[in-house]
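Visitor: output the structure for:
(one chain, ligands or ions: 1)
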Amino acid sequence: MASLRSLDATWEVELFLALESTSSLNTASASLIIDHQTPTPDTSTLAQNQSILYGMVANMYRILIIGANRGIGHELATRFSLRGHTVYGTYRPQSRNDETVRKMIESTTVTALELDFTEEESIIRAASTFPSDSLDVLINCAGVYYMWDDKPFTELTAEHFLDHFKVNTLGPFLASKHFLPLLSKSPSVGKIINVSSDFASISDNTGGNACYRVSKAALNQLTKTMAIDLAKTAPNVLTLSVHPGYVATKMTGYFGEDDMDECMSGLVKVVEEFGTKSAPPSLSSGGYVRWNGEKMSL
Ligand SMILES: NC(=O)c1ccc[n+]([C@@H]2O[C@H](COP(=O)([O-])OP(=O)(O)OC[C@H]3O[C@@H](n4cnc5c(N)ncnc54)[C@H](OP(=O)(O)O)[C@@H]3O)[C@@H](O)[C@H]2O)c1
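Guide: This next block holds a predicted model:
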């Protein structure tokens, strides 16, 4: 990275080079350039900018979001990109011609990859051809819930259970396993974020939705098990289950009780803080938290 020590006219060029060498410009960094075109700043201003800049660069992550073409995955991809992180997002090959996927492929801020949670080969291919030699955050966001899910268990079949389990539980398991070598090469902390649900909670169970509840409760168990195993084998990789809020997406028939913007801003903060010194105690590896970082009951 270029030095910012110079006090002559070249400081501005150096600042720009330093910013360009980051993964991408974000709003804050762009305003640093605009704010300091003229005149040449004094030493304290430069020192302040230098620490802001180094702070930003140090906290820039490479983030992979599985299921980023719509819903929560898309909302997160947009927010993380705007904050200057390098974002990779997946879509299913079956949805290649969907408008949401076309937009993601054409996006200049999200690098699009094909991946189907139910096809292990596609996960292996995405990991082995991943366009970076390390990864800081894996967000296992993709999931399935159908409107007909809300039935008594007597009306559900083994096939219903397996369909949910393959996407909501096995998908995150396989992605975590195959992306682990990249996550363990993170220069800071590798974070596996499993997008769970409040329906995963056994203590808060109100009945119905057995397939979905069981698949997400198993996901929480996976999160905890991986945290314990990784503490022995890859201690720089941490795991967390998150309930994203009840927000309006295609999955919910575009109905929600929580505010999308509030929930997504909270989730972004949780992901960024998790594994850092400023993280609250609720954000411990293997844990299960709400979008605002509050601990949830298993
Ligand atoms: N929305 C809520 O209120 C809510 C509440 C609690 C938890 N959640 C959880 O949040 C996550 C995101 O849900 P959402 O509301 O954003 O749902 P959504 O709008 O239906 O989006 C689901 C995403 O998952 C992808 N996907 C589905 N099956 C997949 C597979 N086999 N392989 C790879 N990707 C697949 C979808 O791709 P296609 O476009 O190709 O189908 C889509 O990108 C889910 O895990 C869900 O359980 C949501």
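
Visitor: what about the helices in the protein?
Guide: For the chain, helices defined by DSSP state H occupy the ranges 11-20, 27-35, 43-58, 71-82, 99-106, 120-128, 158-165, 171-183, 210-233, 260-273.

Visitor: near the ligand, which residues of this protein show up?
Guide: 67, 69-73, 92, 95, 115-118, 141-145, 167, 171, 195, 197, 243-244, 246-247, 249-252, 256 (Cβ under 6 Å from any ligand atom). In this view, the C-beta of every residue, glycine as well, is placed from N, C-alpha and C.

Visitor: in strands only, show me those residues.
Guide: Assignment to strands by DSSP state E places the following of the residues of the chain next to the ligand there: 195, 243.

Visitor: buried only: go through the residues of the chain next to the ligand for me.
Guide: The neighbour count (16 or more other Cβ atoms under 10 Å) marks 67, 69-73, 92, 95, 115-117, 141-145, 167, 171, 195, 197, 243-244, 246-247, 249, 251 as buried among the residues of the chain next to the ligand.

Visitor: give me the number of residues near the residue lying closest to residue 112 once chain neighbours are set aside?
Guide: Distances taken as Cβ to Cβ, 6 or more residues apart in numbering put residue 105 closest to residue 112, at 4.6 Å, once the chain neighbours are dropped. Number of residues near residue 105 (other Cβ atoms under 10 Å) recorded here: 16.

Visitor: what does residue 202 give?
Guide: Residue neighbour count, defined by other Cβ under 10 Å, stands at 11 for residue 202.

Visitor: now for it: which residues touch it?
Guide: The neighbours of residue 202, taking Cβ atoms under 8 Å, 6 or more residues apart in numbering as the test, are 217, 298.

Visitor: for residue 245, see how far away it is.
Guide: Applying Cβ to Cβ, to the nearest Å, the value for residue 202 to residue 245 is 20 Å.

Visitor: which intervals of the stretch 51-200 of the chain have sub-threshold pLDDT?
Guide: Low-confidence regions of the stretch 51-200 of the chain, defined by pLDDT under 70, span residues 51-58.

Visitor: residue 135 is nearest to which of the helices of the chain?
Guide: When the helices of the chain are compared by Cβ to Cβ, helix 171-183 sits nearest residue 135, at 4.1 Å.

Visitor: my read: residue 70 touches residue 100, true?
Guide: Yes - checked against Cβ atoms under 8 Å, the pair residue 70 and residue 100 is within contact range at 4.5 Å.
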